[in-house]
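Chemist: A structural model of the following input is requested.
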Amino acid sequence: MKQCKLGAVIVLGSLSFGKVALANENVDPYESFNRGVWKFNDYADRYVMKPVAQAYKAVTPDILERGIANVFSNIGNIPTAANNLLQGKPLKAGQDITRFIFNATFGGFGLYDIATDIGLPAHQEDLGQTLGVWGMSQGPYIVLPFLGPSSVRDTVAYGIELSQLNYPYDDIEPDSSRNATVALNVVNLRAQLLALDNIAPGDDYLFFRDAYLQRREAMVRDGKTDPEAEDDFLNEDW
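Modeler: Numbers count the residues shown, from 1 in each chain. Next up, the predicted model:
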């Protein structure tokens, strides 16, 4: 797959939404610039991130790799809970906090996902989705260096999430330990996506652009289809 996979995480789940989410929208006015960044990310992934991820996967036992992924996933319950509250979903926020407490307490600081075993559902919410729920449009598609697919809304949200109040690793001291933790998370994420290499058909830039934008809009609506976009899709000439 010719792209930094970290920016294209799990976009394949959006494909069932087809063209609906992108109907009659000029989603990519900066395509020429974006394709240039896409090629740069491809180079960085091919010669840096992918080899590091392959080495990490080769030397890390599967059970430890799953445990590390679980730890970072459990940390993610905290910002997810905050965003569920901001979106007016206190029940889900309570489930997120409960997941974090159970996994941290009974799951070896999150190495084991005890919460899922006892039936507590996992959610995935971020500030970009919250801004969408509040009415902010997605805006033009943007490809960010190293990070990959994004949009104006998600880029604004990402900048805010990196602030002192929101970044989940700010309390880790010293700086070298914090940087090592962030690096481990990045490598772990890339390793989880090795199986998706070479899965994009045809123009992978267009494939991941459309999949990313469709998935993000679906996430804002919690999986519900936009009725107006669906009408435009059904009325389109084929």
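
Chemist: Every contact and neighbour count from this point should use C-alpha atoms.
Modeler: Noted.

Chemist: Could you say which helix or strand holds residue 149?
Modeler: strand 148-151 (DSSP states H and E).

Chemist: helices or strands up against the following helix or strand past that strand?
Modeler: Next along the chain after strand 148-151, taking DSSP H and E as the criterion, comes helix 152-161. Judged by 3 or more Cα pairs under 8 Å, 6 or more residues apart in numbering; DSSP states H and E, helix 152-161 is in contact with helix 127-133.

Chemist: List the buried residues in the helix it packs on.
Modeler: 127-133 (16 or more other Cα atoms under 10 Å).

Chemist: What mean pLDDT does that helix get?
Modeler: For helix 127-133, mean pLDDT rounds to 97.

Chemist: same check, this time on stretch 54-64
Modeler: 94.

Chemist: So what's the gap between that stretch and the chain middle?
Modeler: 22 Å (Cα atoms, centre = their mean, to the nearest Å).

Chemist: Let's see the distance spanning that stretch from one end to the other.
Modeler: Taking Cα to Cα, to the nearest Å as the measure, stretch 54-64 stretches 15 Å from start to finish.

Chemist: In that stretch, which residues are buried?
Modeler: 54, 56-57.

Chemist: same question, stretch 112-131
Modeler: Buried, per 16+ other Cα under 10 Å, within stretch 112-131: 112-115, 122, 124-131.

Chemist: what's the answer for stretch 181-201, then?
Modeler: For stretch 181-201, a neighbour-count test (16+ other Cα under 10 Å) marks 184-185, 187-193 as buried.

Chemist: Just give me the closest of those to residue 161.
Modeler: Closest to residue 161 out of the buried residues of stretch 181-201 is residue 185 (16.0 Å), distances taken as Cα to Cα.
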